[in-house]
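Asks: Sharing a model that was predicted from the sequence below.
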Amino acid sequence: MVGMLVYGLINSAFFTLITLGFSLTFGISGVANFAHGAFYITGAYLTWQFVNSLGLPYPIAIGLSVLVTGLAGAALYWLVLHRVRGLVLSEVIATFGVGMGLLEFYRSIGLTGHSYKLPTFIDGSVEVFGVYVDYQRLIIIAAGAALVLFLWFFTHHTRLGLTFRGIAQEEDTALAFGIQSDRTAMLSLGMGSAFAALAAITVMPLSLLQVEEGSHILILALAVGIVGGMESVFGIIVASLIFGYSQIIVATYFSPHYSMIVLLAAIILVLVIKPSGLFGKFKELEERV
Amino acid sequence: MKLRFLLVAVCLSFIIGLSGGVICQGAEPIIIGECSSLGYLEGYECKYAIELAIDEINAKGGVKVGEERRPMKLIAVDSRDSEPGLPVSEALMAYEKLILTHKPHAIIPGFFTSEATLASMDITSKYKLPYLATIAMSPKFQEKILSNYDAYKYHFRLCYNAVYFARSYLGSLKMINEDFGFNSAFILNEEALWAKAIAGITKKWLEGQGWKVNGVQTYPKGLSDFSAPLLKIRNTKTQVIVFISSRPETVIFADQWRSMRIPALLTGMLPPLCGEDVWDVHKGKVEGVIAIVEPGIMPVEAIPASVAFYEAYKKKVGKGPGSSHGPGPAYDAVYILKDAIEKAGTLDGDRLVEEIKKTDKRGVVGRIRFGEDHQVPFGTNPEEEGLGVDFQWQAPGKRVIVYPKAVATGKIQLPPWMR
């Protein structure tokens, strides 16, 4: 039971971590960034290259890859999405296309096999309430919590964060106050992509760096976003806890085989009952009507 | 004197040329088609192994087809059949396109997944192409051949199938039982036909031997947390974990097994943990893991061809093969095809099948002979059959062969936290 509680929390933090970037971008710009998984892989792959090909120290490699991935996200907005902003289907097709293209590019330049692995931040494990947990998994919890706190602080106590909220709440009014919506949307895509890179760098040391993980992460982020409410950080946290614990309960008492089914069943259920997600406000008015 | 020597040398070269020692100018190449998951370890390592054999054969004058010597050539396309979510129909389209566009004379090493392999058998038979499989492992392949032999006789398998694979590591489980007295197991397998087949065989065998099987679970592709089954393994006081998967999740599982200090030996089909660089990549965290591989993935002294292949592969690619199976048999398959073509004197599919059936060769995995079901049998004696070897990662980073005893280079050790 204790093991389930501990690992359920870790699992939940993992879901939060991989979804926050996606949620931030959607919440501010309204763009569902289907290249999120590709940026996740970009962050990890760049870090690997910086460490192994350029010989950079790990912390510098992490900082650089987060920065470069963030810039790539911003460039995606400015070069592609800027022209199709507001056309939801075009946005999805464009981001999906760019994401697939990026992943295929990594595959073509050799990101295959079992040799790509990021080092853990701290090696070893520790006993928590009678269950051994490795430090890297504890770092996932810390990173998830830190990112949530940072987002709260950023959107409530910084000028840029307040412009983010302004655009998210009412774009036309924000424009009247002189807030540039395109610039803000570009920054939100950059930040969302940087968050994806941060998540990858925190999570990937537990796994292998594989191109396929990009699509998988996108599906997980979509699932959490749909259930929690795409633009709601609180909703993301709640959905992550639901998935984190329900998956581990199902895997323990039934079989891990059903853990993905839980995810998909939850999406369908929420879409039927409350399409905006548990805490989403995006289309709440239309839903009521 | 010098002039006479030169004259003799020129005449000799001319005679050798006439008798077929060199490839005829402008001769059409014999095409080997590879339609497999080239982005995955087994897929591209088989490609390298096939290229290696082709380079060797072409350097020695190619293949004698009747009176003509012809070079061999590989055309490889990525079927991507192992990727999650990709429908089998997509892989089949790529396969038929390869056949229609490049007109291969034989297919090696076949698809990555058993699902695509089984679905492609009718296409292969339609074009009467010898198909030498070295990756996919489902025993349904043999069942299908026997169910309609005339239709499916073009198919052969050189790697172990799920049944032989299971037999091989069941031997090491028996040894674990004798050496440590362990008699409880937990089986965890990926969501795939071959893996489920092995899990079923293993459970049946273990229970027949008096073992207690505390669970058999299938996990979905892409699972990122194994704490639930691992906690169950710990709570049920399981002593041996049999993990059957060719997917990257293997690494997550092994890492979590180690970090949670689960007091059970980890054994099974663990391709991502088999390559020679794994110890360095994972910084020694694989200590104690027992995995099964084909000879050639690592050199086995009792099989000289495995040592020669391993060295040649390493020279070509820069490092030894890292998958659990496939490259060695793929290399042998090219030579088997060459021999069959030379004996048949033609590239006709039906005639080649008749010659391939007669194969009796000392290859990378041991002795290669096909049974009635066109499967190479595997066992513990490389003089009589193919061999699967169980090795354990032991400090300071060595792959120590622990089973079968005839080729073992050491004994099984418990992982550090179980000692």
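Replies: Received it, and whenever you're ready, just let me know what you need.
Asks: so how far is stretch A:121-137 off the chain centroid?
Replies: 24 Å (Cα atoms, centre = their mean, to the nearest Å).
Asks: Show me what counts as buried in it.
Replies: Under the neighbour-count criterion of 16 or more other Cβ atoms under 10 Å in any protein chain shown, stretch A:121-137 has A:Phe121, A:Ser125, A:Val128, A:Val131, A:Tyr132, A:Val133, A:Asp134, A:Tyr135, A:Gln136, A:Arg137 buried. Heads up, the C-betas are built off the backbone N, CA and C, glycines and all.
Asks: Widest-spaced pair of these?
Replies: In the buried residues of stretch A:121-137, two members sit farther apart than any others by Cβ to Cβ. They are A:Phe121 and A:Val131, at 20.3 Å.
Asks: how deep is the closest residue to B:Phe182 other than its chain neighbours tucked in, by neighbour count?
Replies: Computed as Cβ to Cβ, 6 or more residues apart in numbering or on different chains, the closest residue to B:Phe182 that is not its neighbour in sequence is B:Gln239, at 3.8 Å. Neighbour count of B:Gln239, defined by other Cβ atoms under 10 Å in any protein chain shown: 22.
Asks: show me what contacts B:Gln239?
Replies: By Cβ atoms under 8 Å, 6 or more residues apart in numbering or on different chains, B:Gln239 lies in contact with B:Phe180, B:Phe182, B:Asn183, B:Ser184, B:Ala185, B:Pro263, B:Ala264, B:Leu265.
Asks: hmm, stretch A:95-115 in reach of chain B?
Replies: Yes: interface with chain B: stretch A:95-115 contributes A:Arg107, A:Thr112, A:Gly113, A:His114, A:Ser115 (Cβ under 8 Å from any Cβ of the partner chain).
Asks: what's the offset of that stretch from the middle of its chain?
Replies: The answer for stretch A:95-115 is 18 Å, by Cα atoms, centre = their mean.
Asks: Buried ones in that stretch, by neighbour count?
Replies: A:95-96, A:98-100, A:102-103, A:106-107, A:111-115.
Asks: I'd like the distance between the residue positioned nearest the centre of chain B and chain A.
Replies: Nearest to the geometric centre of chain B sits B:Gly326, at 2.2 Å (Cα atoms, centre = their mean). Here B:Gly326 is placed at a distance of 13 Å from chain A (Cβ to the nearest Cβ, to the nearest Å).
Asks: Okay, the closest residue to that residue other than its chain neighbours and chain A: tell me how far apart.
Replies: In this structure, B:Gly326 finds its nearest non-sequential neighbour in B:Glu42, 4.3 Å apart by Cβ to Cβ, 6+ apart. Shown here: B:Glu42 relative to chain A, a distance of 10 Å by Cβ to the nearest Cβ.
Asks: is it true that B:Glu42 touches B:Pro329?
Replies: No: B:Glu42 sits out of contact with B:Pro329 when judged by Cβ atoms under 8 Å, with a separation of 10.8 Å.
Asks: Who has more neighbours out of those two?
Replies: B:Pro329 (30 against 27).
Asks: How far away from the center of its chain is the helix or strand where the more buried one lies?
Replies: Taking DSSP states H and E as the criterion, B:Pro329 maps to helix B:327-344. The chain centroid and the centroid of helix B:327-344 are separated by 15 Å under Cα atoms, centre = their mean.
Asks: In PDB, please show the C-alpha coordinates belonging to that helix.
Replies: Extracted in PDB, the C-alpha atoms of helix B:327-344 (Å, rounded to 0.1, in the frame of the first residue of the first chain):
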ATOM      1  CA  PRO B 327      22.500 -10.600 -37.300                       C
ATOM      2  CA  GLY B 328      24.400 -13.900 -37.200                       C
ATOM      3  CA  PRO B 329      21.700 -15.900 -38.900                       C
ATOM      4  CA  ALA B 330      21.200 -13.100 -41.400                       C
ATOM      5  CA  TYR B 331      24.900 -13.300 -42.300                       C
ATOM      6  CA  ASP B 332      24.600 -17.100 -42.600                       C
ATOM      7  CA  ALA B 333      21.400 -16.800 -44.700                       C
ATOM      8  CA  VAL B 334      23.300 -14.900 -47.400                       C
ATOM      9  CA  TYR B 335      25.800 -17.800 -47.700                       C
ATOM     10  CA  ILE B 336      23.000 -20.400 -47.600                       C
ATOM     11  CA  LEU B 337      21.300 -18.500 -50.500                       C
ATOM     12  CA  LYS B 338      24.600 -18.300 -52.400                       C
ATOM     13  CA  ASP B 339      25.200 -22.100 -52.000                       C
ATOM     14  CA  ALA B 340      21.600 -22.800 -53.100                       C
ATOM     15  CA  ILE B 341      21.900 -20.700 -56.200                       C
ATOM     16  CA  GLU B 342      25.200 -22.300 -57.200                       C
ATOM     17  CA  LYS B 343      23.900 -25.800 -56.700                       C
ATOM     18  CA  ALA B 344      20.600 -25.100 -58.500                       C
END
